[in-house]
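>>> sequence plus the predicted model coming up.
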Amino acid sequence: MTTVSDSGGEPSERVSRNTNTKNYIVGLGLLFVVVLLWTASSFLTQDMYDDGYQKPFLITYTNTASFVFYLLPYITRRLWANRWGPPKSARSTIVYQPLEQELDIDAEPAADPIPPIDQVDRPLTLKETARMALGFCFLWFIANWALNAALAYTSVASSTILSGMSGMFTLAVGRMFRVETLTLVKIGAVLTGFVGVILVAISDGSLDDQPDATGSSIIYKAATSLPVLGDFLALMSAVFYALYVVFLKVQIREESRIDMQLFFGFVGLFNIVLSWPMGVILHLVGMERFEIPRTHNAIVIILLNMFITLSSDYLYVIAMLKTTPLVVTIGLGLTIPVAVIGDSFLGKPAATQVLAGALLVVIAFIAVGVENSNPSEGGDLLSEDFVDDARAQQSRVRLEHEDPLESQTAG
């Protein structure tokens, strides 16, 4: 039986490698779509700010609330199943099984080491999905609100530079939870991308060193007197961004383990129910007065941003699961060269400094992509025995209830 297992190991490993490569390429393609959508959203939001409607909390709240529409397919399926029974396709659906089971031809059940892995790779239940969405909801909302609010208190240059540190935090937190390896190439890529962001931000800051004064008078007064608060919010956004992207990778690991529509639907629901008190507090203290948009342009932009968020964030999480947190973090920096191209079409040619910064961001993304496509070629700087194995990490980090199963199989 050992000869059968050994002979079948190499083809199975080749198939697994090819599957990972395909998933990686698909993830990069999805990430590029996300970059295009987020760049379009930035142009729309800037246009709305120029019209005088600057409400970071309301924009973040409505964008996140749009996720609740993802609950409609799940509710429809439940109503259909309760009335007419589950669809024929659902009855024939086989519970998710890892690829390794194909090699288990002649092994005895008692000696099979795969069942514990089955338990680790099992799809998440409804309650587990809701619990994960609850934790993700707060991380995601704080990261996005802090970035939007920072623009009201500090310059665009400072906000861009500090939020650009998310790559450093993602690499550090990802290494802490063993979903990223710490290599010289990745460190160099993160620093290169950060330098590119600084070049672009300084170039923009030389044209407009003050925060946008198109908002309410209270926000403008705070912006001119509390730049440190804006810098803190931008830095907080970078930290929470790294936390939520690594949180998802550690908790979910594989796209097949979770119903992504159900997950985002719960995120939208929890946001609607739990986040509104923050808006009330901001209104009472005068940081952001609640005002219904009065112009047709502002209403259209808010609706378009809701649609963009509804689709782009869904694709973004799938892209992250198919690649790595650091790849999508550095990849989002591609909004800079895409924005440069967009400005050129609008008759706003970019300065040489901006072009140099955009080029550095592209180089950083390519370096991280190449490094992650050959993970076995680079060792971790902190430990030689680093195991970039999601199943092994997950059993240590999250599934403590697997211990009785392990002891049972050992017995």
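Yep, that arrived.

>>> and the helix or strand where residue 49 lies, what's its mean pLDDT?
Taking DSSP states H and E as the definition, residue 49 sits inside helix 2-50. For helix 2-50, mean pLDDT is 75.

>>> and stretch 250-268, by the same measure?
Stretch 250-268 comes out at a mean pLDDT of 88.

>>> that one: which residues count as buried?
Residues of stretch 250-268 classed as buried by neighbour count (16 or more other Cβ atoms under 10 Å): 250-254, 257-268. Placement of C-beta: from N, CA and C, glycine included.

>>> kindly report the same for stretch 194-204.
194-201, 203-204.

>>> any chance of the residues you listed in JSON lines, plus pLDDT?
Output for those, formatted as JSON lines (pLDDT from 0 to 100):
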{"residue": "194", "pLDDT": "89"}
{"residue": "195", "pLDDT": "90"}
{"residue": "196", "pLDDT": "87"}
{"residue": "197", "pLDDT": "85"}
{"residue": "198", "pLDDT": "85"}
{"residue": "199", "pLDDT": "85"}
{"residue": "200", "pLDDT": "81"}
{"residue": "201", "pLDDT": "77"}
{"residue": "203", "pLDDT": "73"}
{"residue": "204", "pLDDT": "61"}
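
>>> and those, which is closest to residue 316?
Nearest to residue 316 among the buried residues of stretch 194-204 is residue 197, at 18.9 Å by Cβ to Cβ.

>>> and the helix or strand where the closest one lies, what other elements does it pack with?
In the assignment (DSSP H and E), residue 197 maps to helix 184-207. With contacts defined as 3 or more Cβ pairs under 8 Å, 6 or more residues apart in numbering; DSSP states H and E, helix 184-207 has these neighbours: helix 156-163, helix 166-176, helix 325-331, helix 335-345, helix 352-373.

>>> wait, which of the buried residues of stretch 194-204 is closest to residue 149?
Among the buried residues of stretch 194-204, and counting by Cβ to Cβ, the member closest to residue 149 is residue 201, at 17.7 Å.

>>> you'd agree the closest one is up against residue 165?
No - Residue 201 is beyond contact range of residue 165, at 11.6 Å (criterion: Cβ atoms under 8 Å).

>>> show the contacting residues for residue 382.
Residues near residue 382 by Cβ atoms under 8 Å, 6 or more residues apart in numbering: 175, 182.

>>> distance of it from residue 176?
Residue 382 is 10 Å from residue 176, where distance means Cβ to Cβ, to the nearest Å.

>>> residue 194 too?
Distance from residue 194 to residue 176, counting by Cβ to Cβ: 19 Å.

>>> kindly report the same for residue 301.
Residue 301 sits 39 Å away from residue 176, going by Cβ to Cβ.

>>> between those two, who's got more neighbours?
residue 301 (23 against 11; other Cβ atoms under 10 Å).

>>> contacting residues around that one?
Listed by Cβ under 8 Å, 6+ apart, the contact set of residue 301 reads 44-45, 47-48.

>>> can I get the buried part of the residues you listed as one PyMOL selection?
Selection command for PyMOL covering only the buried members of those, criterion 16+ other Cβ under 10 Å:
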select buried, resi 44+45+48
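
>>> rounded mean pLDDT for the strand or helix carrying residue 301, please.
Counting by DSSP H and E, the element that carries residue 301 is helix 296-322. In this model, helix 296-322 carries a mean pLDDT of 91.

>>> any buried residues in it, and which?
By 16+ other Cβ under 10 Å, the buried positions in helix 296-322 come out as 298, 301-302, 305-306, 308-310, 312-322.

>>> residue contacts, the closest residue to residue 363 other than its chain neighbours?
Spatially, and ignoring its direct neighbours in sequence, residue 363 is nearest to residue 192 (5.9 Å; Cβ to Cβ, 6 or more residues apart in numbering). Taking Cβ under 8 Å, 6+ apart as the criterion, residue 192 is in contact with 360, 363-364, 367.

>>> ok, now how distant is residue 192 from residue 184?
12 Å.

>>> and for residue 35?
In terms of Cβ to Cβ, residue 35 sits 26 Å off from residue 184.

>>> what's the answer for residue 253, then?
From residue 253 to residue 184 the distance is 26 Å (Cβ to Cβ).

>>> what does residue 59 give?
Taking Cβ to Cβ, one finds residue 59 at 40 Å from residue 184.

>>> quick one, which of these two is more surrounded?
Per other Cβ under 10 Å, whichever of residue 59 and residue 184 has more neighbours is residue 59, with 23 against 11.

>>> name the element that one belongs to?
helix 56-65.

>>> any idea which helix or strand comes after that helix?
helix 71-84.

>>> now for that next one, which elements pack on it?
Under the contact criterion of 3+ Cβ pairs under 8 Å, 6+ apart, helix 71-84 touches helix 260-274.
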